[in-house]
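Trainee: got a sequence here, can you model it:
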Amino acid sequence: MKPRWIVGAAVLIGALGAGLWLGRGTYTSAQIGTSYVAKQTCSCLFVVRRSAEACSRDYEAQGIERLTVQPAASGVTVSALGGLLSATAEFEAGFGCHLVN
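Mentor: Okay, the predicted model is just below:
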């Protein structure tokens, strides 16, 4: 008979693996969403020169409620999943905004 801790460790590893496998879609969606919001918000603020409040109304409230948008002097950083994932877009004169990570 195997010791109980080996069985418990195997169950824990299996549960962790299943959680990571099932959560891969959430991670991918957050990655795409943060990049999109960073680029669009940067363009809204620095190319079109709208206010931050006006730019935030471009998105559905439910779509960005879990994102943290942080405008800076020449760009925007957007974080998701509690800061585990982020995307940054910077403004470059003559070229507009582009993702830097």
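
Trainee: I'd assumed His98 was in a strand, is it?
Mentor: Yes. Counting by DSSP: H, G, I helix; E, B strand; the rest coil, His98 falls inside a strand.

Trainee: quick check: bridge partners of it?
Mentor: Assessed by DSSP bridges, His98 has beta-bridge partners Glu90.

Trainee: surely it meets Ala87?
Mentor: No. Judged on C-beta atoms under 8 Å, His98 makes no contact with Ala87 at a distance of 11.3 Å. Where you see a C-beta, it was placed from the backbone N, CA and C, and this is true even at glycine.

Trainee: buried sites along the helix or strand where Ala9 lies?
Mentor: According to DSSP states H and E, Ala9 maps onto helix 4-42. By neighbour count on 16 or more other C-beta atoms under 10 Å, the buried set for helix 4-42 is 30, 33-42.

Trainee: for these, which one is nearest Asp58?
Mentor: Gln40 (6.9 Å; C-beta to C-beta).

Trainee: what residues are up against that closest one?
Mentor: By C-beta atoms under 8 Å, 6 or more residues apart in numbering, Gln40 lies in contact with 55, 58.

Trainee: ok so, going back, what touches both of His98 and Ala87?
Mentor: Common neighbours of His98 and Ala87 (C-beta under 8 Å, 6+ apart) are Lys39.

Trainee: helix or strand next in line after the helix holding Ala9, which one?
Mentor: Counting by DSSP H and E, the next helix or strand C-terminal to helix 4-42 is helix 52-56.

Trainee: any idea of the mean pLDDT in the following helix or strand past that next one?
Mentor: Next along the chain after helix 52-56, taking DSSP H and E as the criterion, comes helix 61-64. Averaging pLDDT along helix 61-64 gives 72.

Trainee: residues contacting helix 61-64, please?
Mentor: By C-beta under 8 Å, 6+ apart, helix 61-64 touches 33, 37, 56.
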